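Asker: no FASTA, just this:
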DNA sequence: TTTATTTCTTACCATAGGTCAATTTTTTCC
DNA sequence: GGAAAAAATTGACCTATGGTAAGAAATAAA
């Protein structure tokens, strides 16, 4: 079964027939490590489904610091969603951190499909609801937890991602410096983990 | 024109006729200041549209500290959305900070309407997209900005809210202590604002 | 109005995390 | 396999924000 159909059917029920129509609005492409899928100041009309690989959405602020908004691995959707939804220009970089195989879909094509296959629309609304919940939890963590605790939580929730990305990128996701993360890691080891 | 219809038609186009059907699934109610609309460990089947008043969604963590997830004033939707969407039990309090007039709608009723009046579904998806964008910006702020800057930004974006809520509640929204906020405010004044 | 309660401010000290610079370790790529 | 580049660690020092406690101010209640 196609990984996207599988993913859709975890939350809804899409018929094979409808999926065959749906899949036609996608284009699959291969991208090499370090490729920048999106960079700032572009119009963003596509989002991407990850078949293979690992990506990172990040921004460089006015003082030159990187801030990681999110990572994406197999079966995740990725884009600059601020730009994608709000029709602003992009502010993020989306970078392939490994060789990637992605499926690209254009927003306008997707919205047409919403009309003809309502289940697809439900699926994307559910995705939004999940993202909403994830963001809310992340905001709570930033209000609530120490850097140490956020790091432990990150490893626990995303064990698969932790192994595939650089520590300085995790640091920029947690909102701390690489130096601080290094110190946290040291403490963790001496305390024999979490 | 009804404030809800007005709000819907800012982003979509709903016919008066359809609105008349839609409005029937709501119940309007008055709540006095300090009333707790939602408290932790409940099943959440409703969301609320604010006709009048000001509310706050917050949580009390294991060490007894309050953390404010969001405020809501006229024309905002409010609920414990983690619980509402994910069918978990609530973790938040939702409190009326003034006397409030709210419109309540049940999730299952709403989802029925989605079938018969697709524009309503679009409206709620757009709401989700806006919330998504707002959360993303808030996460960026927490990665990016000092407490001072986050406070300035808060005042700038929500001037209406700032005047209606307690400072300690703003502090708990910004992720700092009331004492720290007090110090920031003092500095701001001596530096002649922003 | 007076009293009680809640909220805000201030002062002093403590601490998590930041900054900068040097060094080591790991990865990349000829 | 070895040089170059990138990433991670460490140490010394610094700063923003937290904790605690006490008093002032504002708000609510009687």
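Answerer: Nice, thanks for sending it over. Quantities reported herein were computed from a predicted structural model and do not represent experimental measurements. Residues are numbered from 1 along each chain as shown, chains lettered A, B, ... in the order given.
Asker: count of neighbours near the nearest residue to residue A:75 once chain neighbours are set aside?
Answerer: Computed as C-beta to C-beta, 6 or more residues apart in numbering or on different chains, the closest residue to residue A:75 that is not its neighbour in sequence is residue A:7, at 5.2 Å. C-beta coordinates here come from the backbone N, C-alpha and C atoms, glycine included. Residues lying near residue A:7 (other C-beta atoms under 10 Å in any protein chain shown) number 17.
Asker: State the pLDDT value of residue A:7.
Answerer: pLDDT for residue A:7: 98.
Asker: what's the helix or strand it falls within packed up against?
Answerer: Residue A:7 belongs to helix A:3-8 when assigned by DSSP states H and E. Secondary-structure packing of helix A:3-8 (3 or more C-beta pairs under 8 Å, 6 or more residues apart in numbering or on different chains; DSSP states H and E): helix A:16-23, strand A:46-52, helix A:118-144.
Asker: wait, doesn't residue A:165 sit right on residue A:58?
Answerer: No: here residue A:165 lies out of contact with residue A:58, judged by C-beta atoms under 8 Å, at a distance of 10.9 Å.
Asker: any weak-confidence spans in chain A?
Answerer: Residue ranges of chain A with pLDDT under 70: A:191-194.
Asker: 90 instead, please
Answerer: A:62-63, A:86-87, A:115, A:118-119, A:121-122, A:144, A:187-194 (pLDDT under 90).
Asker: Would you mind naming what in it lies close to DNA strand C?
Answerer: A:146, A:147, A:148, A:175, A:176, A:177, A:179, A:180, A:184 (C-beta under 7 Å from any atom of the strand).
Asker: Tell me the bridge partners for the residue most central in space within chain A.
Answerer: When C-alpha atoms, centre = their mean is applied to chain A, the residue found nearest the centroid is residue A:72 (3.7 Å). Residue A:72 has these beta-bridge partners by DSSP bridges: residue A:55.
Asker: ok, it touching residue A:54?
Answerer: Yes: in terms of C-beta under 8 Å, residue A:72 counts as a neighbour of residue A:54; the distance is 7.1 Å.
Asker: Quick check: the gap between the residue nearest to residue A:75 and residue A:14.
Answerer: Using C-beta to C-beta, to the nearest Å, residue A:7 is found at 10 Å from residue A:14.
Asker: Count the residues that sit near residue A:108.
Answerer: With other C-beta under 10 Å as criterion, residue A:108 counts 9.
Asker: ok so, going back, contacting residues for the residue nearest to the centre of chain A?
Answerer: A:50, A:54, A:55, A:56, A:57, A:78 (C-beta atoms under 8 Å, 6 or more residues apart in numbering or on different chains).
Asker: and with 6 Å instead?
Answerer: Applying C-beta atoms under 6 Å, 6 or more residues apart in numbering or on different chains to residue A:72 gives the contacts A:50, A:55, A:78.
Asker: Same check on residue A:29?
Answerer: Residue A:29 makes contact with residue A:102 under the criterion C-beta under 6 Å, 6+ apart.
Asker: Can you tell me the element it falls in?
Answerer: strand A:26-31.
Asker: Give me the distance from that strand to the chain's centre.
Answerer: Distance, stretch centre to chain centre, for strand A:26-31: 17 Å (C-alpha atoms, centre = their mean, to the nearest Å).
Asker: What residues of it count as buried?
Answerer: A:26, A:31 (16 or more other C-beta atoms under 10 Å in any protein chain shown).
Asker: Hey, what's the angle from it to strand A:46-52? Just curious.
Answerer: Angle between the axes of strand A:26-31 and strand A:46-52 is 60 degrees (criterion: axes from the mean of the first three to the mean of the last three C-alpha atoms, to 10 degrees).
Asker: Give the other helices and strands that whatever helix or strand comes next after strand A:26-31 contacts.
Answerer: Sequence order places strand A:36-38 as the next helix or strand after strand A:26-31, per DSSP H and E. Here strand A:36-38 touches strand A:93-96, going by 3 or more C-beta pairs under 6 Å, 6 or more residues apart in numbering or on different chains; DSSP states H and E.
Asker: So for the helix or strand that the strand it packs on is followed by, what gets flagged as buried?
Answerer: Moving toward the C-terminus from strand A:93-96, the next helix or strand (DSSP H and E) is strand A:100-106. Buried residues in strand A:100-106, counting neighbours by 16+ other C-beta under 10 Å, are found at A:100, A:102, A:103, A:104, A:105.
Asker: tell me what strand A:100-106 is packed against?
Answerer: Short answer (3+ C-beta pairs under 6 Å, 6+ apart): strand A:100-106 packs on strand A:26-31, strand A:46-52.
Asker: Including distance to DNA strand D, could these go into a markdown table?
Answerer: Formatted as a markdown table, these follow (distance: least, C-beta to the nearest atom of the strand, whole Å):
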| stretch | distance to DNA strand D |
| --- | --- |
| strand A:26-31 | 18 |
| strand A:46-52 | 21 |
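Asker: Turn those strands into TSV, columns for distance to residue B:3.
Answerer: As requested, the helices and strands packed on strand A:100-106 are arranged in TSV below (distance: least, C-beta to C-beta, whole Å):
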stretch	distance to residue B:3
strand A:26-31	41
strand A:46-52	33
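Asker: Name the surrounding residues that touch the helix holding residue A:7.
Answerer: Residues contacting helix A:3-8 (C-beta under 6 Å, 6+ apart): A:14, A:19, A:49, A:75, A:123.
Asker: are any of the residues you listed buried, and which?
Answerer: The buried subset of the contacts of helix A:3-8 - by 16+ other C-beta under 10 Å - is A:14, A:19, A:49, A:123.
Asker: wait, which of those residues is closest to chain B?
Answerer: Minimum distance to chain B across the buried ones among the contacts of helix A:3-8 is 11.8 Å, recorded for residue A:123 (C-beta to the nearest C-beta).
Asker: ok, the closest one touching residue A:14?
Answerer: No: checked against C-beta atoms under 6 Å, the pair residue A:123 and residue A:14 is beyond contact range at 7.2 Å.
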